[in-house]
Each structure stands twice: as C-alpha cells, then as structure tokens.
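Peer 1: Task: produce atomic coordinates for the following.
(chains A and B)
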2 protein chains.
Amino acid sequence: MRKVYLMTPGPTPVPDSVRRTEAQEMIHHRTKEHSAIFGKISENLKPIFKTKNPVLTFTSSGTGAMEGAVANMLSAGDRALVPIAGKFSERWAEICKAYGVEVVSIDIEWGDVAEPKIIKEYLDKDPGIKAVFVPLCETSTGTVFPIKEYGEIVRNRADTILVVDAISGLGACDIQNDEWGVDICVSASQKGLMLPPGLAFASVSDKAWRFAEQSNLPKYYFNWKKALKSLEKADTPYTPAVSLILALNESLKMLNEEGIDGVLSRHSMLADATRTAMRALGLELFSKYPANAVTAVKVPDGIDGIELKNTLDKKYGVKVAGGQAHLKGKIFRIAHLGYMEKFDVIIAISAVELTLKDLGYPVELGRGVRAAEERFE
Amino acid sequence: MRKVYLMTPGPTPVPDSVRRTEAQEMIHHRTKEHSAIFGKISENLKPIFKTKNPVLTFTSSGTGAMEGAVANMLSAGDRALVPIAGKFSERWAEICKAYGVEVVSIDIEWGDVAEPKIIKEYLDKDPGIKAVFVPLCETSTGTVFPIKEYGEIVRNRADTILVVDAISGLGACDIQNDEWGVDICVSASQKGLMLPPGLAFASVSDKAWRFAEQSNLPKYYFNWKKALKSLEKADTPYTPAVSLILALNESLKMLNEEGIDGVLSRHSMLADATRTAMRALGLELFSKYPANAVTAVKVPDGIDGIELKNTLDKKYGVKVAGGQAHLKGKIFRIAHLGYMEKFDVIIAISAVELTLKDLGYPVELGRGVRAAEERFE
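Peer 2: Below you'll find the predicted structure:
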C-alpha cells in the first residue's frame, strides 16, 4: 500500500466534494444554467481577492493571465519595472521582453524582496515607467513581498500601475487589492483555490482599464476588454473549462463559508507551525520573509538535497518541491497551501524527521512535531 | 424528473469512465507519473490526427491554438488567405488582424465552401500569401470543407502553409493530415475527443516548423517552439490542466480501441441517419456539404426557430444549437459528435418530430425515426 501526500506549491490537493462536482455531467456554456454559475463564481471570487473590481476568469494556467496583464496594459516600447528575485518574478521580465516592452530590472538576491524604497527610487528617477510587476509570494523561494508598501508608492502615480502575481499567494498570504491600491492581481486555480490547474484569474482596477484603452500590443484569446464585456452578461468570449468552473463554484463556497480571513489565519498558523518545527530540528529557513503559502528550507550541510526529496517521496509518499534553477538540491519546499489542516503539516514534519534520520543527520525524532503541536495549542 | 440530452456541437457528452478519471486525486505535473501519461497522450493523439508530426497540447480553449497558429507562423505585414463562410472561419480573419497580419478574405455564402480552384487562383495571383486558414468543419453552418483538395494546391508551394481548424471536425470528419499535406491542424477537447473543454491541440509539420523560425510576432504562453522542446521530455512549459490530461488519456484509450476509422464511420452513419430523417420529415438541410459532426437544418416556414429550439430543450430536455449571427432563428443544429451512438440520434429525431407536432407543423410521427432505422439496418 502506498498513500501519497501532495505538499507541493501547486497543484495542491483537491477536496473530494470539489472533485465530484468536477465529474458531474457536462453542461453547455451558452445556457442560463452556466451563466448563473459563472456569474456566481465571478462574484464569489471578489471577497477572496478583497476587491470590488471585476475578476476575469480565463481557461489557461496562471502564466496566461500574467501574459494578459502585459499584453492588455502596455504598448511596444513602454518601460516596466521588474524586481527579479526568483523564477516567477523572472517570468514577468520574459513576458515583457517577448512583447517588446523594455524591462528595467532590479536584481534581488533569491530569498529576499525588493525594498519599497528601491521601488520608489526607480519610479522617482524614471516616471515614464508604466507598470511595476511583482509577485505576492515568490513560489521559487517561499518569500512574501511587501505589496501594501508598493501600493502606497504606486497608487498616486497616474502613469504607473501595480501588477501582482498572486498565483501561489492568493488565499494564503493576505492581499487587500482595493485597500492597498493594487491595479491588477492575477492568480490561478491549482493553489489556494483548491482546484485542479486550468483556470486563471485577474482582478482589474478602473485605473488599469484606462491603461487598457491605450495598449496597442496584439491579443485575442487573452483580450481583457472582450472578457469584461462578456462578464457583464455572465459569459466568456470563448468556451470556458466548464468542469473546472463547476468545481470552482464548489470550492469558493467552502472558502467563503470559512471566510477569507479565516482561510488566511489558518494558513498563517500552518506556516508558522512548519517554520517553528523546521527550526526546532536545527534547520534553517531559506527566505528572509517566509510566505504563508510555502516554506523553503535549506538542505543542511552534508545532506544531499535530491536524496532528501526523493526519500520523502519514495519512502514516505510525501511530495514536496525541490529548489529551482541554481537552488536545485540546496532547498526543499513544503507547501501548506489550499486544502490543508493541522495534520497535513504534522505529516510533512514527521516525514522530514524520519528522512533526516534515514540520511544520517542528527535529529531528535518528534522534536519538530512537538514544536508544531505547541504552536497549535 | 428531467433527463437532459446534450446534442450541441461542443461541449459534447463526456463518458462516465472519463469523468471518473477526471475526478481522481490530483497529481503533480513535474513527476515521472505525469510525464508517462503526457507522453502517452501525445503519442495517442497522432492516430486521431493521422499524423506522424508532433501534436502539441495547450491548456486553453481551441481559440488559443488558433491564435498560436497565427502568432507562431507569421510576422506582422504577412498576408494570409482566409475564405470566410461562417463564424469560425471569420475568427481566423479576426486573429490575423489582431496581430497585424494582412487578410486576403474570400466571402463565401454561409453553408457553402471555398471551391479549391478559387483558392488556387488567389495563390497563383499572389504567391506572397504565407498561409491559408480554413475550417475542416465550419461549426456554425455544419459544412465540411475539401481539405484534401486544398492540400494538393498548397503542398508544393514552399512559401505557403495550410492551416486547418479541426476543432469540431476532428474525430467526425476525416482529416488525413500527413497524407493530404496539412501543415497545421488545431483542435480542442470538448468535441470529438469526448472531454470537457479546457485543452487545445495542434499538429505541426516540418514545413510549418521552418515558418516558426521566421515568425516575429509576440508570443509567450502559446510559444510553440517552447512547447515542442518540453514535449520532447514529455512535459509542458507551464502547468497543464492535469485533471483533463488524465481524462484525455482515458478517452484516447476508448477512441484508439475503436480505431479512428471506426470512429469516423460511426459518425458518418449517425450523420447520414440524421440527414435522412430530417429529409423524411420534409425538412431541408442548410449546408451544401453537410459535415458528419453536426447537421444544420433549416427551420421550416411558419415555425419560430427560437420556439423550436426552446421546446426541444424545455419540454424534451434535448439541447441542440440554434443559428449564430444572421442565422439566428433560421436554422437549428443537431450534433452527433463524440460519445454518440444510434439511439442518441434516435432521441434527437424523435424530439424533433414531437416538437414539430407541438408547433403545428404537419409531420407524420415516427417517419424520421423510421428513416434513420432503415439507414442503420
């Protein structure tokens, strides 16, 4: 017998009721029945995004919504500010370049964030910068970025918008889009929303819609003005992933019953317990500002990071993520994201203890679990 | 009690075993387990496409793959030949225009096709045309296009490719991509492949890959060269719709067990029976070249087409499609596409008979069903 525990930062586990909803008989998307559901999910996403702005839904992975943010807001030759502090903040730069948008990049050490004052300096020096692209949670390093502070800097600049990748962050790390002055917040289904991958989202502010009027970059499938027009009739321009829309209706019901602030404090508790446990085991966290979605832990000296990840998987069925790019083998990442409760992180911590013991690392069995339990108490 | 019968040209009914596979526990996409499945579906799509070329899989609706064909093959200012004979052939023109590709359009009466000799004339007159964009089955009119003949015209022109939208056609209307010299064939999951919407596909010839080398249009999420590079490792550049990939593995197993030619002849039989039945009821087909995916029927004089469609739906639970654009209320479209057998079309025909009777149209009950049964015999 082999039981598997999915502790990766997306896809995350999908609750049984959501999977059963996904498997229901197919319905046609140009019907009142589908409109009623699509209208409902579009409204029920708003409290999760903490916004009154429209939230657009696309059939794609999160990257599609990131590309849409660039293609719908900017024009060729525009300048964008992109602090690069990991694999996913790097993606903003790649997309901008693919569209002929000039990237003003700030190299940040992976695991760190762009200090708000640096962002301010760049914008003061170059007020022609049209957009600032940042992650809420940089998934590759498990780092949460100071979006509120960025919002204070950008919100009063008429010619600059703040665009946030909250793909792995949404539902785990607080983001108050309206309150903080975020213009665009993109996310995806397979993380905090407890769904399979296949849907992407974007909340869009009035200020951003004015940018969309000026944009001349080519777009068709990810044309946001068209998506907004359809949304007004609770519809989509192109056939949506109907089974995932139905499933989303179910998962949003669960999330909104708990309430977004309840969801966030649950993630805060799980993340804090995980961090406390890792430290109790003598391990070091990788990130300077650890996110509540995923905890990145340094592989201790003398231990092979690939072997650690493989032992967790093959011997204990616990699937965590390794490091990406130059961090391969150097860190492992435990996600406590989405459909997760106390005993999910207890499992992860216990598996880490057993694995460290297997690999000959000096560890007191139960010490991490105890630290987590004390945190839960 | 209300039983519903989905007879629309996408989404189409999804077999129970496919839906149960879709609902299985989530797995991570960067694993050997997922690679094994992704590699398998990429191979098992080939006999369906009748190609040895790579078949790319995208998480999007079919329109995403259509856009990808334009963005990956052409450059701004290139010219493309687009015969427009319905809503979906029109979409090729819209996408080209969105990307600054010059459209040489041929207006065709809806329900008709572009005669091959017209295509030849345009290409002879203007050898600089880089691509010909056509549908296999124009869903809005239920018309099958002569792709084989187009292939004969395009295949020996080094500077022109043939791009086919087989979104609703694949698995219902024969398309022999390699044999006929089709360079790009795009399709989607929610039609003949018996899946929910959310996946799109494109088979790409060697000649087309050479065009991709020249293309300078912006693309990122739909970057086909990147998708090909990932496919070589049985992977995708971005998180795929995992639950739909798992489901596709199941539906491809069913289709390949039947064999693509068996699948096609089943569709041919169902389509022929539907056409025969409609004629037996005194109704007229809309298309000059009726496709085996969907039968478009003219609403008879004196009958309100909207009321006909609504009665079929509300009173009998049979969901057919109406006409689009200027055909609204003028035609109705019965799909016999995907997970369909004899008694599915018997249901549709019977419901049409009962509905016509309800609406006061002179109809001999059972006459259409009898004609279909005679065809099946």
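Peer 1: which is the next helix or strand following the longest helix along chain A?
Peer 2: With residue count as the measure and DSSP state H as the assignment, chain A has helix A:260-280 as its longest helix. Sequence-wise, the next helix or strand downstream of helix A:260-280 (DSSP states H and E) is strand A:294-298.
Peer 1: CA-only coordinates of that following strand in CSV, if you can.
Peer 2: Presented in CSV, the C-alpha positions along strand A:294-298 are these (Å, rounded to 0.1, in the frame of the first residue of the first chain):
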residue,chain,number,x,y,z
VAL,A,294,5.1,27.6,1.1
THR,A,295,8.1,27.1,3.4
ALA,A,296,11.5,26.9,1.8
VAL,A,297,14.1,25.1,4.0
LYS,A,298,17.8,25.0,3.4
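Peer 1: now for that strand, which elements pack on it?
Peer 2: Applying 3 or more C-beta pairs under 8 Å, 6 or more residues apart in numbering or on different chains; DSSP states H and E, one finds that strand A:294-298 makes contact with helix A:260-280, strand A:331-335. Glycine gets a C-beta too; all of them are placed from N, C-alpha and C.
Peer 1: Quick check: which of those has the most neighbours on average?
Peer 2: strand A:331-335 (a mean of 28; mean count of other C-beta atoms under 10 Å in any protein chain shown).
Peer 1: Which residues outside it are in contact with it?
Peer 2: Applying C-beta atoms under 8 Å, 6 or more residues apart in numbering or on different chains, the external contacts of strand A:331-335 come out as A:7-10, A:12, A:139, A:141-142, A:274, A:286, A:293-299, A:305, A:308-309, A:312, A:320-323, A:345, A:348, A:352.
Peer 1: how near is A:Ser42 to A:Ile260?
Peer 2: Counting by C-beta to C-beta, to the nearest Å, the separation of A:Ser42 from A:Ile260 is 16 Å.
Peer 1: about what we covered before: ok, which of the helices and strands packed on strand A:294-298 comes nearest B:Ser230?
Peer 2: Closest to B:Ser230 of the helices and strands packed on strand A:294-298, according to C-beta to C-beta: strand A:331-335, at 21.6 Å.
Peer 1: following that closest one, which helix or strand shows up next?
Peer 2: Next along the chain after strand A:331-335, taking DSSP H and E as the criterion, comes helix A:342-358.
Peer 1: okay if I get the helices and strands packed on strand A:294-298 as TSV plus mean pLDDT?
Peer 2: Output for these, formatted as TSV (pLDDT from 0 to 100):
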stretch	mean pLDDT
helix A:260-280	98
strand A:331-335	98
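Peer 1: The spatially closest residue to A:Lys87 that is not a sequence neighbour: neighbour count?
Peer 2: Spatial nearest neighbour of A:Lys87, chain neighbours left out: A:Ser140 (3.9 Å); criterion: C-beta to C-beta, 6 or more residues apart in numbering or on different chains. A:Ser140 sits with 27 neighbouring residues when counted by other C-beta atoms under 10 Å in any protein chain shown.
Peer 1: likewise the one 10 residues further on?
Peer 2: The number of residues packed near A:Tyr150 is 23, by other C-beta under 10 Å.
Peer 1: export whichever strand or helix holds it as CSV, just CAs?
Peer 2: Using DSSP H and E, A:Tyr150 sits in helix A:147-154. Below are the C-alpha coordinates for helix A:147-154, written out as CSV (Å, rounded to 0.1, in the frame of the first residue of the first chain):
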residue,chain,number,x,y,z
ILE,A,147,2.6,44.6,-1.6
LYS,A,148,1.0,47.1,0.7
GLU,A,149,4.1,49.3,0.7
TYR,A,150,4.4,49.1,-3.1
GLY,A,151,0.8,50.1,-3.3
GLU,A,152,1.5,53.3,-1.3
ILE,A,153,4.2,54.2,-3.7
VAL,A,154,2.4,53.5,-7.0
